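**Student:** Below: sequence and its predicted model.
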Amino acid sequence: MKKWPPQYDRSYRPSSKSKFWFKDLETMDTEEREQKVILPKLRAQIKYVYESSGLYKKKWDHAGIKPRDIRSLADFEQIPFLTKAEIRQDQKENPPFGTNLCTSLKDLARVQGTSGTTGKPTAFGISKGDMDRIGEAHARAMWGFGMRQEDIVFIGSFFSLYWGSWGALVGAERLGAVAFPFGAGVPGQTDRAIEWMKEVKPTIFYGTPSFSLYLAERAKEKGVDPAKDFGFRILFFSGEPGAGVPSTKKRIEETYGGICIDAGSTAEMTPWMSNCECEYRTGMHLWQDIVYAELIDPVTKKRVPYGKEGVTVYTHLERSSQPMIRFWAGDISQWVDDPCPCGRTYPRLPKGIYGRADDMFVVRGENVYPSAIEDVIRSTKGFGDEYRIIIAREKTMDELIVQAEYVKGMDFRSIPELKKKLEEELKARGLRAVVQMVEPDQLERTEFKAKRVIDKRSLYDEMTKK
């Protein structure tokens with residue numbers, strides 16, 4: 001490594017026939033990459049944050065950790081995890097960015113943030129240099145799933161504090177593709193999107209899986225065939241785990257006739273496309289030389305071996321503004337390091353991110369992931385794309401209720417049998433649930449992240465206290 005943080009030549013692009021953005025780096029022997037690329041970047045990043053971040057200096061001094069102590073990736077595992085709660089508390093005490101900004105305000109290019117729907121919003125200040133590196137990272141991942149300069153990229157998600165849309169935009173621009181930043185969320189936007197896509201014929205779609213299925217539903221109602229009339233060859237997604245759910249991936253690909261790419265990690269870890277599938281769709285590659293990922297046992301807090309399940313922990317390797325070091329993201333996944341047909345030697349998440357620690361709920365002692373229920377519903381013929389999961393409490397017993405829309409035009413005499421089938425399929429997965437059949441178009445649609453889990457147990461608890 002010649003210089004940290006790295007500076008990339010923005011005029012560089014590989015040959016359109018090349019599968020790789022940086023072939024030598026992406027196909028390098030894993031151990032060689034760890035020693036020659038990842039570890040030098042990691043040590044430089046650690047030294048930088050210790051000298052520049054009040055948050056880390058205080059945290060690591062308390063833990064007795066000094067940058068000079070980190071000489072190997074094994075040593076790195078001594079560093080304590082960073083949590084969302086710590087970030088929020090630091091920003092509450094030192095508004096607006098906390099003591100981890102690391103750069104001056106005049107060096108900032110963007111202010112982004114979380115929506116704050118599950119707590120106090122988190123503010124992100126992004127430096128000009130980081131914006132260049134974020135664009136570079138996204139372009140690499142996009143190239144890996146097949147985006148090229150001749151593509152037109154329809155960006156169908158909110159342009160707000162939400163990072164996903166902006167990451168897709170800066171990545172497409174850095175790659176040299178044609179960006180079509182349509183957005184989402186304006187009344188009537190979905191119908192206008194259908195008309196625009198028919199006219200412009202974009203070749204690549206970005207958004208959430210929920211919005212893509214809602215968009216297809218509306219298109220069909222207007223007599224538009226999403227596969228024939230749009231012509232997307234690639235659809236890539238973040239914001240929800242749906243694109244990594246096998247039945248949802250299959251439904252998207254059958255609906256649009258293009259390949260479905262799963263991508264994304266968490267807002268704190270932009271570039272979020274450091275987790276991204278390649279064109280072969282064998283699971284999300286972890287682009288370890290951009291963001292170093294670990295899978296950690298939630299009980300022992302030790303790294304799990306390949307082939308096992310754990311919680312994702314991420315570390316920036318190129319970030320000068322608000323870098324995250326061993327950030328406990330709370331995503332549940334399994335990782336492997338077996339070869340991918342694309343030739344890249346990064347570890348992968350073959351099942352994507354199939355659960356989040358804060359999304360998982362416990363019903364009668366069983367851990368339940370919403371994505372498992374989604375997979376059952378969307379692999380059972382006769383159901384539409386919308387569903388709701390309701391956890392209720394009857395006296396002292398929890399009840400799992402699954403509301404699912406059946407498809408339009410179904411013979412009413414078939415509904416009881418379809419209900420029974422879904423209950424049996426859920427039971428086969430270890431999920432005892434009451435299925436409620438819902439008429440088509442009755443459940444709310446969304447252009448952003450769908451909220452499909454409703455936990456009513458706290459309401460019951462409050463009522464019983466009165």
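**Tutor:** Sure, I can see it.
**Student:** Report all helices and strands that whichever helix or strand Asp130 is part of contacts.
**Tutor:** Secondary structure assigned from DSSP states H and E places Asp130 in helix 128-144. When contacts are defined as 3 or more C-beta pairs under 8 Å, 6 or more residues apart in numbering; DSSP states H and E, helix 128-144 packs onto strand 108-113, helix 163-175, strand 275-276. The way it works is simple: take the backbone N, C-alpha and C, and place the C-beta from them, glycine included.
**Student:** how far out from the middle of the chain is the very next helix or strand once past it?
**Tutor:** Scanning forward in sequence from helix 128-144, with DSSP H and E defining helices and strands, the next element found is strand 152-155. Offset of strand 152-155 from its chain centre (C-alpha atoms, centre = their mean, to the nearest Å): 19 Å.
**Student:** Adjacent strands (with direction) for strand 152-155?
**Tutor:** strand 178-180 (parallel), strand 204-207 (parallel) (DSSP bridges).
**Student:** how about it: buried residues?
**Tutor:** Residues of strand 152-155 classed as buried under the neighbour-count rule (16 or more other C-beta atoms under 10 Å) are Ile152, Val153, Phe154, Ile155.
**Student:** give the contact list for the residue nearest to the spatial centre of the chain.
**Tutor:** Against the mean C-alpha coordinate of the chain, by C-alpha atoms, centre = their mean, the closest residue is Gly264 at 2.9 Å. If a contact means C-beta atoms under 8 Å, 6 or more residues apart in numbering, then Gly264 has Gly164, Phe237, Ser238, Gly239, Trp272, Met273, Asn275, Cys276, Ile353 as its contacts.
**Student:** all helices of this protein, in order?
**Tutor:** Using DSSP state H, the helices assigned to the chain run over residues 23-26, 30-33, 39-52, 54-63, 73-76, 84-93, 128-144, 163-175, 189-200, 209-221, 246-256, 370-378, 415-428, 457-465.
**Student:** Kindly state which of those helices is positioned closest to Gly307.
**Tutor:** Using C-beta to C-beta as the measure, helix 30-33 is the one of the helices of the chain that comes nearest Gly307, at 15.0 Å.
**Student:** Next, the residues that contact stretch 299-306 from outside, please.
**Tutor:** Contact with stretch 299-306 is made by Glu77, Phe81, Glu294, Leu295, Ile296, Asp297, Gly310, Trp335, Val336, Asp337, Pro347, as judged by C-beta under 8 Å, 6+ apart.
**Student:** What is the burial count for the first one?
**Tutor:** In other words, Glu77. 15 (other C-beta atoms under 10 Å).
**Student:** what's next to the strand ranked longest in the chain, contact-wise?
**Tutor:** The residue-count maximum for a strand in the chain (DSSP state E) belongs to strand 383-394. Strand 383-394 has contacts (C-beta under 8 Å, 6+ apart) with 210, 213-214, 217, 251, 361, 363, 370, 373-374, 377-378, 398-408, 418, 422, 438, 440, 443-445, 452-457, 460-461.
**Student:** List buried members of those by neighbour count.
**Tutor:** 210, 213-214, 217, 251, 361, 363, 370, 373-374, 377-378, 398-400, 402-406, 418, 422, 438, 443, 445, 452.
**Student:** Point out where this protein drops to low pLDDT.
**Tutor:** By pLDDT under 70, the weakly predicted segments of the chain are 1, 115-119, 356-360, 364-367, 394-397, 447-449, 458-466.
**Student:** okay, now the domains of it?
**Tutor:** What automatic domain parsing lists as the domains of the chain is 1-358, 361-465.
**Student:** and those domains, which is most packed in?
**Tutor:** Using mean count of other C-beta atoms under 10 Å, the stretch among these with the greatest mean number of neighbours is domain 1-358 (a mean of 19).
**Student:** residue contacts, Asn100?
**Tutor:** Applying C-beta under 8 Å, 6+ apart as the definition, the contact partners of Asn100 turn out to be Val49, Ser53, Gly54, Leu55, Tyr56, Ile87, Asp90, Gln322, Pro323.
**Student:** could you dump the residues you listed to CSV with distance to Asp24?
**Tutor:** Formatted as CSV, these follow (distance: C-beta to C-beta, whole Å):
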residue, distance to Asp24
Val49, 28
Ser53, 32
Gly54, 38
Leu55, 35
Tyr56, 32
Ile87, 36
Asp90, 39
Gln322, 30
Pro323, 26
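**Student:** Of the helices and strands packed on helix 128-144, which is nearest Pro202?
**Tutor:** Going by C-beta to C-beta, the one of those nearest Pro202 is helix 163-175, 10.8 Å.
**Student:** pull the CA atoms of the closest one into CSV?
**Tutor:** Once non-C-alpha atoms are left out, helix 163-175 reads as follows in CSV (Å, rounded to 0.1, in the frame of the first residue of the first chain):
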residue,chain,number,x,y,z
TRP,A,163,-28.0,6.0,1.6
GLY,A,164,-29.0,3.4,-0.9
SER,A,165,-30.2,5.7,-3.7
TRP,A,166,-27.1,7.9,-3.5
GLY,A,167,-24.8,4.9,-3.5
ALA,A,168,-26.4,3.5,-6.6
LEU,A,169,-26.2,7.0,-8.2
VAL,A,170,-22.5,7.7,-7.5
GLY,A,171,-21.5,4.1,-8.4
ALA,A,172,-23.3,4.3,-11.7
GLU,A,173,-21.7,7.6,-12.5
ARG,A,174,-18.2,6.5,-11.6
LEU,A,175,-18.7,3.4,-13.7
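**Student:** Quick one: residues in contact with that helix.
**Tutor:** Contacts of helix 163-175 with the rest of the structure, by C-beta under 8 Å, 6+ apart, involve 10, 13, 110, 112, 124, 131, 134-139, 141-143, 147-149, 151, 153, 155, 157-159, 178-179, 181, 183, 206, 236, 238-239, 264, 267, 270-273.
**Student:** Would you mind getting the angle between that helix and helix 128-144?
**Tutor:** Going by axes from the mean of the first three to the mean of the last three C-alpha atoms, to 10 degrees, helix 163-175 is angled at 80 degrees with respect to helix 128-144.
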